[in-house]
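1. requesting a structural model of the entry that follows:
(chains A and B)
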Amino acid sequence: DTGVSQDPRHKITKRGQNVTFRCDPISEHNRLYWYRQTLGQGPEFLTYFQNEAQLEKSRLLSDRFSAERPKGSFSTLEIQRTEQGDSAMYLCASSLGAGGDQPQHFGDGTRLSIL
Amino acid sequence: QKEVEQNSGPLSVPEGAIASLNCTYSDRGSQSFFWYRQYSGKSPELIMFIYSNGDKEDGRFTAQLNKASQYVSLLIRDSQPSDSATYLCAVSLNTDKLIFGTGTRLQVFP
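-> I've put the predicted structure just below:
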């Protein structure tokens, strides 16, 4: 399977703990995006990378959130001191580049539940 | 006003009928428009994208874009029960992040 891969698929943790998610984009895709989706809502943009450079961060991304893409391949999203409101599906997407004809393809997501 | 608006539905259509899903957006600078299908508990799956005014057809799906009216739609011909899902409209301002609507739930009944 050469699609976007996310790990883990599910994460249950206690409030206050730190969690880290991993995303492996489609091979050769230089753009990687993180979104968050809660029940009944569309995905909300968090941040994106072009290669290893983080080009934009949403206001939703508080200082408890950090994302990296150290070698321009896989990316990690870390949430420190988790809160109840962090419970959501965290989606990763990748695209070959910018442009209307370079759509984003999503992974299966990581569902985070905060106890 | 939300940036991307969709009727949440559900939109119920009989099998074999045409389903029409609509989306409006507020920013006239929007350049690219996408339709994703999302089954319950799954991630969004790209159906189509369009960035020029007019129609774009792909199999049973047709996307329609009217930038003057800030309106984009998705038509599904010969609807099947397997088309039952939530359809997400997304727009991109400068070909970077996507801004999604809340989605329209489509139900196709036999």
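
2. beta partners for residue B:73?
-> When bridges are taken as DSSP bridges, the partners of residue B:73 come out as residue B:22, residue B:64.

3. near it, how many other residues are there?
-> Other residues near residue B:73 come to 19 when the count uses other CB atoms under 10 Å in any protein chain shown. For the C-beta atoms, the positions are set from N, CA and C on the backbone; glycine is no exception.

4. just the one 10 residues further on next, same as before
-> Around residue B:83 sit 18 other residues, with neighbours defined as other CB under 10 Å.

5. for chain B, which residues are neighbours of chain A?
-> B:4, B:8, B:31-32, B:34, B:36, B:42-46, B:49, B:51, B:88, B:90, B:92, B:95-103 (CB under 8 Å from any CB of the partner chain).

6. can you rerun that using 6 Å?
-> B:31-32, B:43-44, B:46, B:49, B:51, B:88, B:95, B:97, B:100-103 (CB under 6 Å from any CB of the partner chain).

7. filter the residues you listed down to the buried ones, PyMOL style.
-> Buried subset of the residues of chain B next to chain A, written as a PyMOL selection, criterion 16 or more other CB atoms under 10 Å in any protein chain shown:
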select buried, chain B and resi 32+43+44+46+49+51+88+95+97+100+101+102+103
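
8. report the two of the residues of chain B next to chain A separated the most.
-> Greatest spatial distance among the residues of chain B next to chain A (CB to CB): B:31 and B:43, at 23.9 Å.

9. and the residue of chain A closest to chain B?
-> When CB to the nearest CB is the measure, chain A has its nearest residue to chain B at residue A:42, with 3.0 Å between them.

10. excluding chain neighbours, what is closest to that residue?
-> residue B:100 (3.0 Å; CB to CB, 6 or more residues apart in numbering or on different chains).

11. repeat that for residue B:54.
-> residue B:65 (6.6 Å).

12. follow-up on the earlier one: make sure the residue nearest to residue A:42 is actually in contact with residue B:90.
-> Yes. When contacts are counted by CB atoms under 6 Å, residue B:100 is listed as touching residue B:90 (4.7 Å).

13. any idea which residue of chain B lies closest to chain A?
-> When distances are taken as CB to the nearest CB, chain B reaches nearest to chain A at residue B:100, 3.0 Å away.

14. beta partners of residue A:23?
-> The partner residues for residue A:23, given DSSP bridges, come to residue A:6, residue A:75.

15. that one contacts residue A:92, correct?
-> Yes. Under the criterion of CB under 6 Å, residue A:23 lies in contact with residue A:92, with a separation of 3.4 Å.

16. anything in contact with each of those two?
-> Counting by CB atoms under 6 Å, 6 or more residues apart in numbering or on different chains, the contacts common to residue A:23 and residue A:92 are residue A:6.

17. ok, these two, which is more surrounded?
-> In this view residue A:23 and residue A:92 are compared by other CB under 10 Å, and residue A:92 has more residues nearby, 30 against 26.
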